[in-house]
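> just the structure for this:
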Amino acid sequence: MDIPRVASRDEWLAARKDLLAQEKQASHAKDVLDAARRALPMIEIDKEYSFAGPEGQAGLCGPGRRANRRAAARHAAMSAGMAAMLLAML
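Numbers count the residues shown, from 1 in each chain. All right, here's what the predicted structure looks like:
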């Protein structure tokens with residue numbers, strides 16, 4: 001890793017303010033993306049799922065769980081198109 005060059009305080013402050021503006025823009029873009037993810041439609045779970053855990057087999061609506069059979073369709077990672085859009089905003 002290269003060591004950053006030494007600069008004057010004014011030069012550092014200008015660079016820091018520029019970086020802060022970029023960070024705010026990236027944060028806003030992520031907020032927009034997060035809102036879009038939360039707005040995804042839900043799907044009806046219409047088949048039984050069984051999971052092995054430390055307390056044995058359990059299903060989505062097993063003991064101690066809500067009986068609501070609807071689950072939100074969530075994405076664990078951004079699609080390549082969304083990631084490219086986010087990076088283009090930087």
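
> what packs against the longest helix seen in the chain?
Looking only at the chain and at elements set by DSSP state H, the helix with the highest residue count is helix 9-38. Here helix 9-38 is seen to pack against helix 80-89 when contacts are counted using 3 or more C-beta pairs under 8 Å, 6 or more residues apart in numbering; DSSP states H and E. To be clear about C-beta, it is placed using only N, CA and C from the backbone, and glycine gets the same treatment.

> picking that back up, what about the longest helix of the chain, average pLDDT?
For helix 9-38, the mean per-residue pLDDT is 97.

> next helix or strand past that helix?
Using DSSP states H and E, the helix or strand that directly follows helix 9-38 along the chain is strand 42-44.

> now the following helix or strand past that following strand: average pLDDT?
Once strand 42-44 ends, the next helix or strand along the chain (criterion: DSSP H and E) is strand 50-53. The average pLDDT within strand 50-53 is 83.
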